[in-house]
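> Here's a sequence, model it:
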Amino acid sequence: MARYTGPKSKIARKFGEAIFGDDKAFEKKSYPPGMHGNSRRRGKKSEYAIQLQEKQKAKYTYGILERQFRNLFEKATRSKGVTGEVLLQLCESRLDNVVYRMGVAPSRRGARQLVSHRHITVNGEVVNIPSYSLKPGDVIGVREKSKSLLVIEDSLSSNSSVYEWISWNSDKKEGTFVSIPERIQIPENIKEQLIVELYSK
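Numbering: from 1, shown residues only. Predicted coordinates:
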């Protein structure tokens, strides 16, 4: 499936924030990319442009393609609750995102690769679908044969993030998706209401 594999810093500069995590290149050039750099005069963005940028930012942040993202939005629309919040909750419930949140991989892109290469289990069974939607109580673990992988060891040792909706057992290298996160528990700087307005046109 087509995925963006180009420079991350360029995308981060486009949105004006380091959406892929710490980025030295972004810190040096925090202005938008382009031939004339920071000197270029940029006109005021239209309402549509602002809404579109917010949707693109959410897609790049979670590494989701347009059709998948649209399907998630339609699912969120049919659900009870605030559509924008439910959309972000669905993104956070994806297996690749939770593997990243648990610190098993240093990035969502890395987490997607671990899942695709059959290194991750859900409730004891190997699952190789990054978009797999987790339910509260699901146990996510590193496959026995993969526990000694250096990339996983390094990622876990440098991870200091703690989320109330996820528990992690470092001895067993497994964690539990305790509950679906509330909007206030999701750290991503995404204005989900703008995405709802865009899709509702």
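
> Name the nearest residue to residue 63, ignoring sequence neighbours.
For residue 63, ignoring the flanking residues on the chain, the nearest one in space by CB to CB, 6 or more residues apart in numbering is residue 108 at 5.0 Å. Bear in mind the C-beta positions are built from the backbone N, C-alpha and C, glycine included.

> what's the neighbour count on residue 194?
Look at residue 194: counted by other CB atoms under 10 Å, it has 19 neighbours.

> contacting residues for it?
Counting by CB atoms under 8 Å, 6 or more residues apart in numbering, residue 194 makes contact with 50, 51, 54, 55.

> my guess is the residue nearest to residue 63 contacts residue 97, does it?
Yes: when contacts are counted by CB atoms under 8 Å, residue 108 is listed as touching residue 97 (6.2 Å).

> list residues touching both of those two?
Residues touching both residue 108 and residue 97 by CB under 8 Å, 6+ apart: residue 62.

> I'd like the distance between the residue nearest to residue 172 when sequence neighbours are not counted and residue 85.
What sits nearest to residue 172 in space, not counting adjacent residues and going by CB to CB, 6+ apart, is residue 141, at 6.9 Å. Counting by CB to CB, to the nearest Å, the separation of residue 141 from residue 85 is 28 Å.

> start to end distance for stretch 54-69?
13 Å (CA to CA, to the nearest Å).

> ok, now stretch 58-72?
One end of stretch 58-72 sits 12 Å from the other (CA to CA).

> Buried residues in it, which are they?
Along stretch 58-72, these residues count as buried under the neighbour rule (16 or more other CB atoms under 10 Å): 58, 59, 60, 61, 62, 63, 64, 68, 69, 72.
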